[in-house]
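A.B. asks: How does the following fold in three dimensions:
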Amino acid sequence: MLVNIPASVISSSGINSNYHALTSELFRSLCDQLWSVNCRRIYRNLVRAFSEKLLKIIYGADSAAYGKGNKHTGSNSPYHICYRISVFAGSCNIKRDVVERDPKEQGERALLNFGHTIGHAIEKLSDFSLYHGECVGLGIVAASYLSMQLGHISKEDFEKIQNALSLFELPTQMDGFNAEKVLSATKSDKKMVGNQVKFILLKEIGNAYIYRELTDEQILDGIRYVCHS
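C.D. replies: Numbering: from 1, shown residues only. Now for the predicted structure:
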C-alpha cells in the first residue's frame, strides 16, 4: 500500500489525499507497520526522481503551500514521510489546476518550469545518469541564487530553499560539470524564446516570474554556484 502511494501522487493527473480522514494515531500505527527497508529505498528513489515537482510548486507557484511543505521536513520517521507524500498529492493538484487553466502554456503554466532551464542542461550533460528531480533541484538552487543576487529574496529564504532540497535528499551542489558547457546547453533548451533564455525566477517564495534579461555572466554565476568542475 505505502509503496503504491508515491506512484499515484507523482502522476500528472494527481490524486486527492485522504490524509486528514485518518486519525493521527491510526496513521502513525499504519505507517509503522508498513514501513520496511525496501519501502525506504523505493521512497528515496522516488523522491530523488520527482520531488522537484513538489518543490517547484511550493517555491514558484503557491506561497500557502510553503509552510505545509516544510512542516515535517525535519524528520525521516515513517509518519513524517507519509505526511510529505500527502503534500506531493496537494502539489500535483495545484499543477493539474494550472495546466487546465493554461493548457498551451501561454501564461502561468510557464512558472512551473522553475529550475528547469539549468536543470535540463545538467541532465543532458550527465547523459541522463542523474535523476530528473536531482537535476531540476540543482536548477532550483541556481534560480534561487540568481533571485537572491537580484535582490528579490533574502539570504535566509535562499538558505531555506537549499535546506528543503537537502531534507528531500536532493543535491544542492554537484561536482564534475563545466559551467561553460552547462551554459551552452541552456541555449538549446526548448524554453528558449528567440536568442533569449527564458528564466523563471522568484520575487519571493511562492511568487515566481519570467525574466529574459539575464546576461551570460549572470547565468554562469548561478551555474558556478551549483556546478563545480
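
A.B. asks: now the helices for this structure?
C.D. replies: For the chain, helices defined by DSSP state H occupy the ranges 4-9, 24-34, 37-60, 64-71, 78-101, 116-125, 132-149, 155-167, 179-186, 216-226.

A.B. asks: Least reliable of these by average pLDDT, please.
C.D. replies: Mean pLDDT is lowest for helix 4-9 among the helices of the chain, at a mean of 37.

A.B. asks: who touches the closest residue in space to L214 that isn't next to it in sequence in this structure?
C.D. replies: Leaving out its chain neighbours, the residue that sits closest to L214 by C-beta to C-beta, 6 or more residues apart in numbering is F199, at 5.5 Å. C-beta coordinates here come from the backbone N, C-alpha and C atoms, glycine included. Residues counted as contacts of F199 (C-beta atoms under 8 Å, 6 or more residues apart in numbering) are 117, 143, 146, 210-212, 214, 219.

A.B. asks: quick one: F128 and E134, what's the gap?
C.D. replies: F128 sits 11 Å away from E134, taking C-beta to C-beta, to the nearest Å as the criterion.

A.B. asks: Which one's more surrounded, those two?
C.D. replies: Looking at F128 and E134 with other C-beta atoms under 10 Å, you find the greater number of neighbours at E134, namely 24 against 10.

A.B. asks: Does that one touch F168 like I think?
C.D. replies: No. E134 is beyond contact range of F168, at 10.3 Å (criterion: C-beta atoms under 8 Å).

A.B. asks: burial measure for V226, as a count.
C.D. replies: Look at V226: counted by other C-beta under 10 Å, it has 26 neighbours.

A.B. asks: What is the neighbour count of the residue lying closest to G139 once chain neighbours are set aside?
C.D. replies: In this structure, G139 finds its nearest non-sequential neighbour in G119, 3.0 Å apart by C-beta to C-beta, 6+ apart. By other C-beta under 10 Å, the residues close to G119 number 29.

A.B. asks: How about K124?
C.D. replies: Neighbour tally, K124, other C-beta under 10 Å: 16.

A.B. asks: Show the contacting residues for the closest residue to it other than its chain neighbours.
C.D. replies: Distance criterion C-beta to C-beta, 6+ apart; nearest residue to K124, sequence neighbours excluded, is A185 at 5.3 Å. Contacts here follow C-beta under 8 Å, 6+ apart; on that basis A185 touches 120-122, 124-125.

A.B. asks: for F168, phi and psi?
C.D. replies: phi -90, psi 20 (degrees, to the nearest 10).
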